[in-house]
Structure formats: C-alpha cells, structure tokens
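Chemist: Have a look; sequence and predicted model below, questions after that.
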Amino acid sequence: MTIRDLQRQAVDSIKRHALTISLRSPRAQAHVLTEYLWSEEGAESTVLERVTPDAPEWLDKLIRRQLLDEQRHASLLRGRLAELGVTVTRPPPQLLKVKLWWLDRVCEPYKTAFAAGPIVVLLAAAAQLEATGVRMFSRHLGVLEERAPADPTTEIIRSIVGDEKRHAKSCRAAALRLVREDERALFDELCDKIAAIDRALGITISIGFWVVLAASAVRDRVAPANLEIKAAA
Ligand SMILES: [Fe+2]
Ligand SMILES: [Fe+2]
C-alpha cells in the first residue's frame, strides 16, 4: 500500500466517523450541509464560470447545463438547511480560500502551455473538484443509506451524487478533447499536481471536520438544538 492509499484511507475513515456522529446531531448535520453549500456555490461554480468566456459552443452548452445543476444542488441544500432551522449560513473558512489560492498558483504556469489555451487548465481543475465532490457525497450517501435511509437528506445527497459523477466525467472528457496528443503527458502532469493539493490538505481538513462535528454533537447533547431531524438508526 502506498502513502497515497494510506492518506486516502485515513481521510475516509475520519470523515466517515464524523458523519456517523453527525446523524444524531442537528447542529452537526447543519454544519455538513453548509460545507456542501460552500462547495456548490463556491469552488465548483466559480471554476465553471471562468470556463465559459473562452469556451467553444459545444463546451459552453455543457458548462451552462452543469451550472444549472450546481444551482439546483445549492437550492436543495438551502431547502434542507431551512428545514433544519438554518436560514443564514456562515462564510467559508480561511482554509478553503487557501486551497483555491494554491490551486490558482499551481495552475498558473500551465495557462499558456496548451494550444487550446487556459481553458484546458480550468477544465482540469473543474474535473478534480467534481471528482472530489463525488468522493465526498458518495461517502456521506454510504453512511446515510446504512444508518438513516429514511432521513430526507439521504434522497438529496443521492440526487446530487448522480450529477457530480456525470460532471467529473464530462469535465475530464472535455479537457481531453481539447488536449493534443503531444500535450497529453503535460496534461497528466497538471492533473497530478492538482490532485496533490487535495491530498496535501486532506488530513488537516478531515481532522477539522471531525472536531467540529464531534463538538456540535456534544453541544446538542448538553443543550439540544431546536431543530427537527429524523432520528438515525
Ligand atoms: Fe454540485
Ligand atoms: Fe458538480
């Protein structure tokens, strides 16, 4: 087993445990859904919006459809948060801004490296963000299906993860359609560097995630929030 596999397994176990804790805590559930909202309205949409000005027509259509999906995801999440009594969401933490800044910095030297232009780099970043979304939502769906299949959040996450799988595939396929054969090695190098950012921050983010959810669960035990959540199994 490689260090990468170990890192991925560690992140997965920490987050899975945190999500299990969240099932009995309305505060923790609201925190998780707010994080998803940051990714839907923040990173995913921001990168896709940057693609459209330089996109050929076929790609412009694809991105616009994807942006509509992201809006639908955000409104599903906002709706569920409202059901949980959360109408005002917190701004994203500094660490997420650091991640986007780092992503921009890593991508910068590649912006002039492809014949099709910087759009290739944006699509590579979008494909990685979407793939991260697939992992994040699939993990949560697994926990929900096993322990709280009747919770209204389960259906929402199921519907989002289906779209994210399609997005991850289509962003990568679109990038590859624009990359020339002789640029393929450079494209793979770029994708590796983008994926490394996720890995580098993975453990830090997952430990922070666990601490916040565990603290929320403790607060709910001490002073139950006045929020309605279907009891988990
Ligand atoms: Fe999304
Ligand atoms: Fe997406």
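Modeler: Arrived safely. Ligands and ions are numbered 1, 2, ... in the order given.
Chemist: I'd like to know how far the closest residue to ligand 1 within the chain sits from ligand 2.
Modeler: Closest residue of the chain to ligand 1, CB to the ion: residue 73 (4.0 Å). Where C-beta positions appear, they are placed from N, C-alpha and C, glycine not excepted. Distance of residue 73 to ligand 2, computed by CB to the ion, to the nearest Å: 7 Å.
Chemist: same question, residue 90
Modeler: To ligand 2, residue 90 is 22 Å away according to CB to the ion.
Chemist: Now the most centrally placed residue in the chain: which helix or strand?
Modeler: Taking CA atoms, centre = their mean, the centroid of the chain lies closest to residue 133, which sits 3.3 Å from it. Here residue 133 sits within helix 119-147, counting by DSSP states H and E.
Chemist: Quick one: list the elements packing against that helix.
Modeler: On a contact count with 3 or more CB pairs under 8 Å, 6 or more residues apart in numbering; DSSP states H and E, helix 119-147 meets helix 3-22, helix 26-39, helix 45-51, helix 94-107, helix 152-178, helix 184-222.
Chemist: Rank the helices and strands of this structure by mean pLDDT and give me the bottom one.
Modeler: Evaluated with mean pLDDT, DSSP states H and E, the helix-and-strand set of the chain has its lowest mean pLDDT in helix 45-51, which scores a mean of 78.
Chemist: Name the residues of the helix or strand following that one that are buried.
Modeler: Using DSSP H and E, the next helix or strand after helix 45-51 towards the C-terminus is helix 57-83. Along helix 57-83, the positions that meet the burial threshold by neighbour count (16 or more other CB atoms under 10 Å) are 59, 62-63, 66-67, 69-70, 73-74, 76-78, 80-81.
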